[in-house]
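Undergrad: Let me see the structure of the following:
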Amino acid sequence: MNLTTLGFTTYFEEQMIEMKKQAKLKNCVPARVTLEHKHSYRVLAEEGEWLATIAGHYAYTSLAREDYPAVGDWVLVEKMPGEERAIIHQLFQRKSVFSRKVAGTEIQEQIVASNVDIVLLVMSLNEDFNIRRLERYLVAAWDSGAKPIIVLTKADLCEDVSSLVQEVESVAFGVDIFVTSALSGEGLKEIQTLFTEGVTGALLGSSGAGKSTLTNALCGEILMKVAGIREDDAKGRHTTTHRELVVLPAGGCLIDTPGMRELQLWDQGDSLASSFQDIEELATACRYRDCTHQKEPYCAVQQAIVDGDLDQYRLQSYFKLQRELAYMERKTNTQAKLEEQRKWKQIAKGMKKGKK
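TA: As a prediction, the model looks like this:
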């Protein structure tokens, strides 16, 4: 397997040169994580594909979930002699990462895909079409460091494609939009041209949006299971149950991900402005700098709603995401302080033991 095809660029090569200055890492080789199990990983290196586990010293020095490998990560591994197994000694610094808050009440980051160049935001053109959900995905995509691309699937099930495309264009500034149909093959060749050698893309979207069908089309064979949609509400069933990186025949790599019932944002305040450029630009014309765009006089944002230039629901979505990100910031700051206190308590305990 050619490392360039896998996406090993000078960004990672420079890191490897520094890593290999350590004597214990001289016999290690770079590999990419293609699959993540509970306590083990499947990695792909130039010499082959192996099952890998974390080295003891690596696990000991890892404090948070983001310190561990995720699908798409590059790691430095040591092949075990005579076995199709390897030990992961070090994680390369990521060039991009798409993450979200884990589902539920727990305040913790979940890395969905890392080291991707393009994020394909997949949404179907049937009754499950949801512009507010797309806004949320765009905020997270802009924050990932990868280029967002919107893929609208199941065009054959939609009677008025052009109006829905216009609706997407009104919230996706500067983002390429592809309309596809697995039935007719529309748009698939255009998406295939995005995956030149070394390019990695990640498919993200809700259940039944057509991610697995798209994966199979790009691979030219059936790799992922495909399920239909429920007739009562047009929502999809979960077909992909795990994240997996596959190498495409024409070059490049693709990460397919399970459908997300919810995408709770994780520390993406800076990207809110990128996704809501229209509101941010209108706000500069407000009379008061600290305008909240709700009841203040001479508010350019509220005036745009009156004039019909801004959708009221889009502003509500903006407020909702603002509140969510503010809540996350407060929670993570509190959690960081508690973790820092726990760390110093452990250090203090260790020093006391040392004196004994």
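
Undergrad: Now do the contacts for Asp117.
TA: The neighbours of Asp117, taking Cβ atoms under 8 Å, 6 or more residues apart in numbering as the test, are 7, 96, 146-147, 199-201. The C-beta positions use only the backbone N, C-alpha and C, and glycine is treated the same way.

Undergrad: any chance of the residues you listed in CSV, plus neighbour count?
TA: As requested, these are exported to CSV (neighbours: other Cβ atoms under 10 Å):
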residue, neighbour count
Gly7, 23
Ser96, 19
Ala146, 23
Lys147, 18
Val199, 17
Thr200, 25
Gly201, 24
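
Undergrad: of all the residues you listed, which two lie farthest apart?
TA: Gly7 and Lys147 (14.3 Å; Cβ to Cβ).

Undergrad: Please identify the helix or strand for the closest residue to Ser40 other than its chain neighbours.
TA: Leaving aside its chain neighbours, Ser40 sits nearest to Thr53 (5.1 Å; criterion: Cβ to Cβ, 6 or more residues apart in numbering). If you go by DSSP states H and E, Thr53 is part of strand 48-54.

Undergrad: Can you identify the element that follows that strand toward the C-terminus?
TA: For strand 48-54, the following helix or strand on the C-terminal side (DSSP H and E) is helix 56-61.

Undergrad: got the contact list for that next one?
TA: Applying Cβ under 8 Å, 6+ apart, the external contacts of helix 56-61 come out as 67, 88-91.

Undergrad: so Lys211 makes contact with Glu244?
TA: No: when contacts are counted by Cβ atoms under 8 Å, Lys211 is not listed as touching Glu244 (11.4 Å).

Undergrad: joint contacts of those two?
TA: Asp256.

Undergrad: who's more crowded, these two?
TA: Comparing Lys211 with Glu244 by other Cβ atoms under 10 Å, the one with more neighbours is Lys211, at 28 against 19.

Undergrad: Could you give me the buried positions within stretch 46-57?
TA: Under the neighbour-count criterion of 16 or more other Cβ atoms under 10 Å, stretch 46-57 has 49-50, 52-55 buried.

Undergrad: Let me fix that, I meant to ask about stretch 304-312.
TA: Residues of stretch 304-312 classed as buried: 304-305, 310-311 (neighbour count, 16+ other Cβ under 10 Å).

Undergrad: can I get those in CSV with pLDDT, distance to Asp128 and secondary structure?
TA: Formatted as CSV, the buried residues of stretch 304-312 follow (pLDDT from 0 to 100; distance: Cβ to Cβ, whole Å; DSSP: H, G, I helix; E, B strand; the rest coil):
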residue, pLDDT, distance to Asp128, secondary structure
Ala304, 90, 29, helix
Ile305, 89, 27, helix
Leu310, 89, 25, coil
Asp311, 87, 20, coil
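
Undergrad: of those residues, closest to Lys79?
TA: Asp311 (56.0 Å).

Undergrad: if we can go back for a sec, now for the contacts of helix 56-61, which sits with the most neighbours around it?
TA: Neighbour counts for the contacts of helix 56-61 (other Cβ under 10 Å) peak at Ile88, which has 24 neighbours.

Undergrad: residue nearest the centroid of the chain?
TA: Centroid-nearest residue in the chain, with Cα atoms, centre = their mean: Phe98, separated by 2.6 Å.

Undergrad: Give me the mean pLDDT for the helix or strand hosting that one.
TA: If you go by DSSP H and E, Phe98 is part of strand 97-101. Across strand 97-101, pLDDT averages out at 71.

Undergrad: Make 25 the starting number, not 1.
TA: With 25 as the first residue, the last one maps to strand 121-125.
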